[in-house]
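1. sequence plus the predicted model coming up.
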Amino acid sequence: MIEIKNLNKYYGKHHVLKDINLDIREPGIYAILGPNGSGKSTLLKSIIGLVNPQQGDITMNGSNVAGSHAYRKDISYLPQIAKFPDNLRVIEMIGLIKEIRNEEADESELVRLFQLESEMRKRLRNLSGGTRQKVNMVLGFLFDTPYLILDEPTISLDPVSLTKFRKIISEKRKQGKIIIYTTHIMNLVEELSDHIILLLEGRVIFEGGIEGIYRETGSSSLENAISMLVDKNGK
């Protein structure tokens, strides 16, 4: 369970997160949506401790995460843009992550799934953007954790890899995981998500299921429904 109370984050005078309150306790897939600059990535980074909010509390399984790092063992994180040490080979990068987390994991199935066998000995600086994102996927799904936090995971993925991503997170949902992700692909949200959290200018303007957003807006299109809510709350 992740509970967020009165969370506020400032970058200088810029108020990025404004009194965020969320209760994420049921297993399932949670989509955090909103226009660029609405605070989505900052919210995810706050949960995993990469950003320190000035006000508010985040608790995981009843324990406040402030000043703690042990809780991160329960989280798998996939950043929007993976910044790898370019001189490392793919196989070395995977080994480094295992060493940092001090956990054993078998990457072979994920390597086969994303067809990375021929890339394992290549240096990361020599990989295409799409291949680097596949490596990012392997690292993000490498460990068996109860929480998965994925920031724009589908960036640079080709259609085949996107289908494989869908399969992975569908399986994770069946295993009872809590998956929190951001995306701009609305058909992905419609297909997979159990819960929508819509942010606008750092505030939550909608929280609920897809049917709820349809009822509130009277629209049968998720893209149109979100646009209507953004227009309504942006005035």
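-> On my side now, so go ahead.
2. after the lowest-mean-pLDDT helix or strand in the chain, which helix or strand is next?
-> Counting by mean pLDDT, DSSP states H and E, the chain has its least confident helix or strand at strand 63-64, which shows a mean of 87. Where DSSP states H and E defines the elements, the next helix or strand beyond strand 63-64 is strand 75-78.
3. check what contacts the longest helix along the chain and list those residues.
-> For the chain, the helix reaching the highest residue count under DSSP state H is reported as helix 159-174. With C-beta atoms under 8 Å, 6 or more residues apart in numbering as the test, helix 159-174 has contacts from 27-29, 113-114, 130, 133-134, 137, 141, 148, 150, 153-154, 157, 179, 181, 188, 191-192, 194. The C-beta positions use only the backbone N, C-alpha and C, and glycine is treated the same way.
4. among those, name the ones in helices.
-> Applying DSSP H to those, the entries found in helices are L113, G130, Q133, K134, M137, L188, E191, L192.
5. which of those tops the neighbour count?
-> Using other C-beta atoms under 10 Å as the neighbour test, the ones in helices among the contacts of helix 159-174 are led by K134, with 26 neighbours.
6. residues contacting that residue?
-> So K134 contacts F114, Q115, L116, L157, S161 (C-beta under 8 Å, 6+ apart).
7. ChimeraX command to pick out the buried ones of these?
-> Buried residues within the contacts of K134, by 16 or more other C-beta atoms under 10 Å, are selected in ChimeraX with:
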select :114,116,157,161
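8. what is the nearest of the contacts of K134 to P85?
-> Ranking those by separation from P85, with C-beta to C-beta as the measure, puts L116 on top at 17.6 Å.
9. confidence score at the closest residue to that closest one other than its chain neighbours?
-> Closest residue to L116 apart from its sequence neighbours, by C-beta to C-beta, 6 or more residues apart in numbering: K134 at 5.9 Å. pLDDT for K134: 92.
10. what's the answer for K235, then?
-> Note on K235: pLDDT of 57.
11. hmm, who's touching the helix or strand where N8 lies?
-> Element membership for N8, per DSSP H and E: strand 2-11. Contacts of strand 2-11 with the rest of the structure, by C-beta under 8 Å, 6+ apart, involve 15-25, 39, 42-43, 46-47, 51, 53-60, 147, 178, 180, 202.
12. and stretch 125-132, by the same measure?
-> With C-beta under 8 Å, 6+ apart as the test, stretch 125-132 has contacts from 82, 84, 86-87, 90, 116, 119, 124, 135, 156-158, 161.
13. make CSV out of those residues and add distance to N8.
-> Formatted as CSV, these follow (distance: C-beta to C-beta, whole Å):
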residue, distance to N8
A82, 28
F84, 32
D86, 36
N87, 39
V90, 39
L116, 41
E119, 42
L124, 37
V135, 35
S156, 33
L157, 34
D158, 39
S161, 37
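14. mind checking which of those residues are buried?
-> Among the contacts of stretch 125-132, the ones that count as buried by 16+ other C-beta under 10 Å are A82, F84, V90, L116, E119, L124, V135, L157, S161.
15. got the phi and psi for the fourth one?
-> The main-chain torsion angles of L116 are listed as degrees, to the nearest 10 and equal phi -100, psi 10.
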